[in-house]
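Participant: how would this look folded up:
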Amino acid sequence: MNQFEVMKLFVEVAELGSFAAAAAQKGVARSVVTRQIAALEKHLGVQLIARSTRRQALTSAGKKYLEQCKAILDLVERSESELIEEQVRPKGQIRVSLPLSFGLRHLTDMLMEFAQKYPDIHLELDYNDRMVDVAAEGYDIAIRIAGELALSDIVRKIGECELLFVAAPSYIQAHGEPQQPEDLLEHQCLQYSHHSRWLFSDGTRNFSISTNGRIKANNGDALAKAAAAGMGISFMPDFIAKDYLADGRLVELSGLRSENKIGIYAVLPSNSYIPERVRLLMDFLLNHLASFTALT
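Facilitator: The predicted model follows:
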């Protein structure tokens, strides 16, 4: 028995006042309608419609069940209408977690363009370098830049950037320039708070070095300022290093190279259902970031 369809049939019988009228409306035999309502009553364990040779009427249980069925069917109809309407004219709120530096530099303008394109979508933007729990904290989507992601993360890759080793000319003049990864053990390394191992590749294998330094921060711009002040060597995304390299406050260390690009990901709270408005935003960012290059 299709519970949903039988509920709709019961409402039709109750509103039309007879099995025959409901059968005629559906284009089936009266006996088909009678059997389905009887099966519903057996399933519920109550009589919904009192029958006699002359008339039929709802029982008290039938009247109560009718109200409940109509409320449920109305909710389903409204939900379907809203989903269809959203696909035609997307609307609703999207709560977005954004990395601070990349978000301000490159995503804000894109998001404003998206907001202008979809005027019925409301954006709540949270700029923070903290690794948020997307599902537990109620975000619809989080943009994350990371070399590695947790196995439990539900992600879509929407772009990538490069990681560069940089330092101020004054630091290199005072301490020398490292020529191989192991040399970093003798240098001050400016670290992200949650990432003290730096990644390398020699062409045949990937490996990491555990670095040390006096200064840590959870934001790349803060580390870039520290590096420009001559406080040590930093390993940072190209979109942060770009301006510093352009005006000479930082230089790229030619002896060190990470062949690994770092991914830009959209992290989602669920893989089973993605609201249309969130899917639109994800596709929009993918189209804009697919060919993203900071150092041009």
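
Participant: Please enumerate the helices of the stretch 151-296 of the chain.
Facilitator: Listed in chain order, the helices of the stretch 151-296 of the chain (DSSP state H, counting those that start in this stretch) span 169-175, 220-228, 238-246, 276-289.

Participant: and the strand ranked longest in the chain, which residues are buried?
Facilitator: When the chain is scanned for its longest strand (criterion: DSSP state E), the result is strand 154-167. By neighbour count on 16 or more other C-beta atoms under 10 Å, the buried set for strand 154-167 is 154-156, 158-167. All C-beta spots, glycine's among them, are computed from the backbone N, C-alpha and C.

Participant: Distance from that strand to the middle of the chain?
Facilitator: 18 Å (C-alpha atoms, centre = their mean, to the nearest Å).

Participant: Ok, stretch 172-179 next?
Facilitator: Remark: stretch 172-179 is offset 42 Å from the chain centroid, using C-alpha atoms, centre = their mean.

Participant: Low-confidence ranges, the stretch 1-150 of the chain, go.
Facilitator: Of all residues in the stretch 1-150 of the chain, those with pLDDT under 70 make up the ranges 1, 81-82, 85-88.

Participant: Show me where it has its strands.
Facilitator: For the stretch 1-150 of the chain, the strands defined by DSSP state E, counting those that start in this stretch cover 49-51, 56-58, 92-98, 121-127, 141-146.

Participant: Can you show me the CA trace of the third one as CSV?
Facilitator: As requested, the backbone C-alpha atoms of strand 92-98 are provided in CSV (Å, rounded to 0.1, in the frame of the first residue of the first chain):
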residue,chain,number,x,y,z
GLY,A,92,16.9,31.6,0.7
GLN,A,93,20.0,32.1,2.8
ILE,A,94,23.5,30.7,2.4
ARG,A,95,25.8,30.7,5.4
VAL,A,96,29.4,30.7,4.1
SER,A,97,32.7,30.2,6.0
LEU,A,98,35.6,31.9,4.2
